[in-house]
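Student: Based on what follows, work out the 3D shape:
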Amino acid sequence: MRRLRNVKIVATLGPSSSDYKTIRALFEAGADVFRLNMSHGTHAEQKVRHDIIRQIEADTGRPIAILADLQGPKLRVGTFAAGAADLEEGEQFRFDLDPAEGDSHRVCLPHPEIFAALEPGARLLVNDGKIRMKVVHCGPDFAECQVTTGGTISNRKGVNVPDVVLPLAALSEKDRADLEFACSIGVDWLALSFVQRPEDVIEAKELARGRAAVLSKIEKPAAERAFDAILEVSDGVMVARGDLGVELPVEAVPPIQKRLVRKCRAAAKPVIVATQMLESMIESPMPTRAEVSDVATAIYEGADAIMLSAESAAGRYPIEAVQTMNAVAQSVEGDTTYREVIEASRQVKRQTVADGIVAAAREIAESTDISAICCYTQTGKTVALIARERPRVPIIALSPETVALRRLCLRWGVHTVHSEEVERFKMAVVNAARAARDYGFADETNQIVVVAGVPFNVQGTTNILRVAPCDERLIFRTDPE
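Tutor: Below you'll find the model as predicted:
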């Protein structure tokens with residue numbers, strides 16, 4: 001199950017991918033992380049998928065990460081007497097709190113929080129931005145708008161409010177129940193929707209209580225504006241380009257994506273690029289050339305992971321979609337330009353002993369005949385620093401902590417291996433050499449770099465680096481103690 005690429009693939013599970021055979025095939029095709037979309041399906045259905053993933057993990061002996069994606073608050077209009085209404089550009093249209101069915105002049109918007117935040121000139125986007133309006137007058141229970149882009153508005157269509165920070169928590173009551181459920185069954189990552197401010201992330205982390213890492217979805221302009229503060233309190237980030245592309249001009253999304261990926265890498269926090277990556281493969285066995293280029297761009301930028309949504313959850317060709325991503329990743333990473341781009345974008349402020357150790361490990365590995373960088377870790381923090389360096393050789397993470405290994409499945413270039421607890425550095429080196437040989441990264445004639453912290457089992461003690469042979473007889477001969 002060794003991957004011949006560094007970028008990781010996240011595959012969403014759904015109606016097209018809910019049985020053991022299909023999920024196993026997705027894993028074998030290249031999926032490293034499975035996403036459970038809490039917007040769809042019952043807790044019982046998600047528990048079945050979770051249990052299948054854990055069974056595949058046991059059957060293959062390879063840690064697999066599970067990401068539970070929380071729905072977030074959904075802002076929707078009410079209903080119409082005729083089921084829908086046609087709006088023309090230049091017309092006036094009113095949103096209010098009156099629960100009566102709507103018509104071509106008004107409709108209920110049952111979210112007083114929106115009216116509390118609106119100001120004249122703010123935009124309201126309906127149905128993924130297909131209908132656009134500008135607020136002319138507003139109050140605590142209404143908003144008089146002018147239609148700037150017309151269309152048909154129908155029952156319970158979604159509403160986006162890009163120009164203001166809404167006084168809404170990122171976690172609805174449903175999200176809180178879903179978060180507790182996901183943590184109770186043992187997911188590894190939580191994706192938090194509707195993030196607007198760092199306090200949203202802090203609240204989710206307090207509820208998770210360390211049972212799962214929290215990844216912030218950047219899908220609102222407010223989150224992009226407050227990104228540095230949000231990144232500081234997040235364990236990871238998802239660039240959710242769907243809603244981001246609705247609330248911002250579409251041409252603004254690519255440079256934002258590039259900036260966010262670089263900032264995440266500098267902070268040694270994993271970043272997923274998501275939404276519409278291979279969308280045509282929902283219905284077609286072949287992607288468009290533009291989609292392939294989009295996937296390749298995210299890889300060239302240095303993203304930790306790329307994600308499939310409906311392609312693997314509800315599409316006709318879920319396995320082929322993963323295979324396509326895998327093939328594109330291998331092709332891109334085999335390009336000499338890829339290494340040039342990745343190394344040119346390495347911008348790290350090294351301030352700690354651990355920073356220096358991992359930088360030295362990369363430089364030694366790239367300037368001598370080294371087959372892999374092996375890291376013995378308890379929490380995965382040192383491995384994160386090594387992954388930030390984007391070395392040319394594979395990264396092998398060894399740990400007795402299954403939780404740490406699963407979370408590391410989202411990290412660029414990391415191959416995870418469960419290892420026994422050790423008390424001496426020599427045994428960590430021996431275990432690393434065995435893992436490098438067993439998983440095909442090296443043979444007995446090769447050398448590896450081993451990074452660890454002494455004393456063992458103490459967090460934050462990364463302080464030792466050794467170049468070691470993969471022949472353990474030589475290890476014992478040169479280090480008998």
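
Student: what pairs with residue 218 across the strands?
Tutor: Residue 218 has these beta-bridge partners by DSSP bridges: residue 239.

Student: So it versus residue 297, what's the distance?
Tutor: The gap separating residue 218 from residue 297 is 17 Å, by Cβ to Cβ, to the nearest Å. For every residue, glycine as well, the C-beta is placed using N, CA and C.

Student: Between these two, which has more neighbouring residues?
Tutor: Comparing residue 218 with residue 297 by other Cβ atoms under 10 Å, the one with more neighbours is residue 218, at 27 against 16.

Student: In contact with that one, which residues?
Tutor: Applying Cβ atoms under 8 Å, 6 or more residues apart in numbering to residue 218 gives the contacts 195, 224, 227, 230, 237-240, 244, 260.

Student: And the residues you listed, which is the shakiest by pLDDT?
Tutor: Checked by pLDDT, the contacts of residue 218 have residue 244 as the lowest-scoring entry (91).

Student: Domain ranges for this structure, per the record?
Tutor: Domains of the chain are assigned by automatic domain parsing as 8-72+170-338, 84-160, 353-478.

Student: Lowest average pLDDT across these?
Tutor: Comparing mean pLDDT over these, the weakest stretch is domain 353-478, at a mean of 91.

Student: Distance from that one to the middle of the chain?
Tutor: What separates the centre of domain 353-478 from the centre of its chain is 24 Å, taken as Cα atoms, centre = their mean, to the nearest Å.

Student: circling back to that earlier point, give me the subset of the contacts of residue 218 lying in strands.
Tutor: Secondary structure defined by DSSP state E assigns 237-240 of the contacts of residue 218 to strands.

Student: Go through those and give me the one with the most neighbours.
Tutor: For the ones in strands among the contacts of residue 218, counting by other Cβ under 10 Å, the largest number of neighbours falls to residue 238: 30 neighbours.

Student: That one is in contact with residue 269, isn't it?
Tutor: No: under the criterion of Cβ atoms under 8 Å, residue 238 is not in contact with residue 269, lying 11.3 Å apart.

Student: quick one on the thing from earlier: please name whichever of the domains of the chain is nearest to residue 2.
Tutor: Across the domains of the chain, the minimum distance to residue 2, taken as Cβ to Cβ, is reached by domain 353-478, at 5.4 Å.

Student: And the contacts of stretch 262-272?
Tutor: With Cβ under 8 Å, 6+ apart as the contact definition, stretch 262-272 has outside contacts at 10, 215, 227-228, 231-232, 234-239, 260-261, 301-307, 345, 347-349, 384-385, 387-388, 390, 410-412.

Student: hang on, the earlier thing: kindly reformat the contacts of residue 218 as TSV and extend each row with distance to residue 22.
Tutor: Output for the contacts of residue 218, formatted as TSV (distance: Cβ to Cβ, whole Å):
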residue	distance to residue 22
195	32
224	36
227	36
230	35
237	29
238	24
239	27
240	25
244	30
260	32
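
Student: I'd guess residue 215 is in a helix, am I close?
Tutor: No: assessed with DSSP: H, G, I helix; E, B strand; the rest coil, residue 215 is strand; it does not lie in a helix.
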